[in-house]
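Colleague: A structural model of the following input is requested.
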Amino acid sequence: MDKNERERESSKRKRRKGLGLKTRTPSLSLSQVSNQSMSVLCGAECVMVLGCTRWLWRRCTHVGSDDSDSWPLATPDEFDPVPRLCRLILAVYEPDLRTPECVVKRVSYEQTLGRAPPYLIYLDHQHRDIVLAVRGLNLVKESDYKLLLDNKLGMQMFDGGYVHHGLLKSAIWLLNQEGETLKRLWLDNGAHYNMVFVGHSLGSGVVSLLTVILVNHRDLLGGIPRTKIRCYALAPARCMSLNLAVKYADVIHSVVLQDDFLPRTATPLEDIFKSIFCLPCLLFLVCLRDTFIPEGRKLRDPRRLYAPGRIYHIVERKFCRCGRYPPEVRTAIPVDGRFEHIVLSCNATSDHGIIWIEREAQKALERMKESSSETITTAPKVQKLERLQTIEKEHKDALERAVSLNVPHAVNTSEEASEDQKPEEAPQSEAEHVSETRSKSTSGRTNWDHVVQKLFKKNESGDIQLNREANALN
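Modeller: Next comes the predicted model:
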């Protein structure tokens with residue numbers, strides 16, 4: 001029976017073929033179509049999972065030491081002041097500090113009236129330094145939050161770049177209050193001492209912008225040379241645009257401990273401290289966002305703020321290794337790759353503390369001195385001269401690198417040299433110069449608000465520009 005049915009079916013196919021009729025192919029069923037679409041979706045999900053896994057692996061394995069892998073090691077001479085200045089910052093934090101004779105002035109929150117964090121002025125005769133030390137953020141003080149919140153992206157332009165508006169106002173107020181005191185101390189000590197500004201966290205932004213103002217108006221502080229002005233920003237806040245951070249790298253030095261979150265996040269300070277109690281969530285979201293921003297776009301944004309000056313990176317931990325290792329200090333003036341990636345680490349907030357910075361900086365300095373004493377092959381004076389020449393070359397290379405990367409408002413080495421040149425005066429003895437400066441200082445008190453206003457001029461459209469830029473357009 002089956003054989004006859006097969007024969008009938010074969011005969012029917014032959015008749016259809018002879019008549020030119022095509023056999024009808026069966027159409028795909030709904031279940032078959034859904035199976036094919038599900039396989040496509042599963043493939044897309046696998047690709048997405050693999051991409052997210054790769055991103056998560058790269059972010060989780062990125063440690064703080066990766067940011068400075070190619071940097072050279074610092075020398076003991078250039079890093080020597082850091083532990084000492086950290087202890088001065090700790091003295092500002094101490095509420096019941098016994099004031100020794102070397103402390104010229106100590107100002108609390110009640111005296112600053114919320115215009116600036118507390119600070120002290122210290123006269124260090126041993127190292128021939130006049131030190132202005134400013135403390136960091138106080139989480140229970142509303143005035144510090146107001147200082148941080150007084151800013152918007154691109155709100156304040158200064159000296160050819162952008163700066164944090166609230167920190168600039170605080171720096172101007174501080175100079176108005178203590179400018180005459182600093183001038184008097186420098187002149188009374190024979191105009192030989194160095195003028196050192198140091199700050200932690202919030203205070204680092206204040207002293208950095210204070211230094212930028214002072215470097216451009218040294219005559220109003222007794223004519224102090226640029227080489228005698230130094231600023232140390234500990235756990236620095238991002239307070240100035242990239243062109244200013246590179247331009248003033250010869251006078252501003254930032255100290256970063258391993259995984260510190262503040263120098264790495266480009267999120268405005270006001271947003272960071274609004275979310276201080278959910279900081280891990282914020283850091284993760286910032287990390288995710290910055291992954292999809294191209295490096296070139298970051299460099300071309302003139303409003304993006306950075307940690308100021310030359311950077312000293314204290315490295316004490318390594319990937320997949322437990323505990324702290326003997327710290328080492330690396331230094332450079334980076335332009336691209338300037339601490340652009342958040343480190344997802346449980347130490348991202350603890351490395352911001354001044355106590356840990358002081359402890360690890362002291363260990364690193366002792367280790368550097370031990371290693372340098374074992375490998376001395378040349379005279380110390382020759383070594384110091386060679387290092388100074390290297391530092392100057394690194395600064396020139398960084399300026400040229402910023403110009404080559406088309407960083408907005410970047411200046412080259414020739415423009416930087418022309419700005420520093422001053423008309424030479426008739427030769428006179430140092431004592432006569434000091435006495436003349438003292439007589440000028442008695443004529444009146446310097447108004448630093450007026451000095452800053454001289455840097456700006458409004459064009460016809462109402463935009464604020466530097467005076468030299470406005471003149472170039474006319």
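
Colleague: from here on, contacts and neighbour counts on C-alpha atoms
Modeller: Will do.

Colleague: How about residues contacting whichever strand or helix holds Glu358?
Modeller: According to DSSP states H and E, Glu358 maps onto helix 354-374. Contact with helix 354-374 is made by 75-76, 79-80, 82-83, 86-87, 89-90, 200, 234-235, 257, 314, 326-329, 350-351, as judged by Cα atoms under 8 Å, 6 or more residues apart in numbering.

Colleague: which is the next helix or strand following it?
Modeller: By DSSP H and E, the next helix or strand past helix 354-374 is helix 380-404.

Colleague: picking up where we left off before, show me what counts as buried in the helix holding Glu358.
Modeller: By 16 or more other Cα atoms under 10 Å, the buried positions in helix 354-374 come out as 354, 357-358, 360-362, 364-365, 367-368.

Colleague: what mean pLDDT does it have?
Modeller: Mean pLDDT, computed over helix 354-374, is 91.

Colleague: same deal with stretch 131-149?
Modeller: 89.

Colleague: Kindly report the same for stretch 316-326.
Modeller: 73.

Colleague: Same question for stretch 330-349.
Modeller: On average, stretch 330-349 scores 84.

Colleague: what comes up buried for that stretch?
Modeller: Under 16+ other Cα under 10 Å, the buried positions of stretch 330-349 are 330-336, 338-345, 348.

Colleague: Need the distance between the two termini of it.
Modeller: The stretch stretch 330-349 measures 21 Å between its terminal residues, going by Cα to Cα, to the nearest Å.

Colleague: ditto for stretch 326-339
Modeller: End-to-end for stretch 326-339, by Cα to Cα: 22 Å.

Colleague: now stretch 158-173
Modeller: Its first and final residues considered, stretch 158-173 spans 16 Å by Cα to Cα.

Colleague: Touching it from outside, list them.
Modeller: Contact with stretch 158-173 is made by 115-116, 147-152, 154-157, 205-207, 209-210, 239-244, 302-305, 409, 448-449, 455-456, 466, as judged by Cα under 8 Å, 6+ apart.

Colleague: Which among those residues count as buried?
Modeller: Among the contacts of stretch 158-173, the ones that count as buried by 16+ other Cα under 10 Å are 115-116, 147-149, 151, 154, 156-157, 205-207, 209-210, 239-244, 302-305, 409, 448, 455-456, 466.

Colleague: where do the strands sit along the stretch 1-150 of the chain?
Modeller: Applying DSSP state E, counting those that start in this stretch to the stretch 1-150 of the chain gives strands spanning 103-107, 119-124, 129-134.

Colleague: Need the winner for burial among the ones you listed.
Modeller: strand 129-134 (a mean of 25; mean count of other Cα atoms under 10 Å).

Colleague: In terms of secondary structure, what does that one contact?
Modeller: helix 81-93, strand 119-124, helix 165-188, strand 194-200, helix 202-216 (3 or more Cα pairs under 8 Å, 6 or more residues apart in numbering; DSSP states H and E).

Colleague: which stretches of this structure have low pLDDT?
Modeller: Applying pLDDT under 70 to the chain flags residues 1-4, 6, 12-35, 51-52, 54-62, 99, 266-295, 319-323, 374-385, 414-474.

Colleague: Can you tell me what sits against stretch 93-112?
Modeller: For stretch 93-112, contacts defined as Cα under 8 Å, 6+ apart pick out 91, 117-124, 135.

Colleague: As JSON lines, those with distance to Gln36 would be great.
Modeller: As requested, these are exported to JSON lines (distance: Cα to Cα, whole Å):
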{"residue": "Ala91", "distance to Gln36": "71"}
{"residue": "Pro117", "distance to Gln36": "66"}
{"residue": "Pro118", "distance to Gln36": "69"}
{"residue": "Tyr119", "distance to Gln36": "70"}
{"residue": "Leu120", "distance to Gln36": "73"}
{"residue": "Ile121", "distance to Gln36": "76"}
{"residue": "Tyr122", "distance to Gln36": "77"}
{"residue": "Leu123", "distance to Gln36": "79"}
{"residue": "Asp124", "distance to Gln36": "79"}
{"residue": "Arg135", "distance to Gln36": "65"}
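
Colleague: Nearest to Val403, out of the residues you listed: which one, please.
Modeller: Among the contacts of stretch 93-112, Arg135 lies closest to Val403 (Cα to Cα), at 34.6 Å.

Colleague: got the contact list for that closest one?
Modeller: By Cα under 8 Å, 6+ apart, the contact list for Arg135 reads 89-90, 92-93, 117-119, 199-203.
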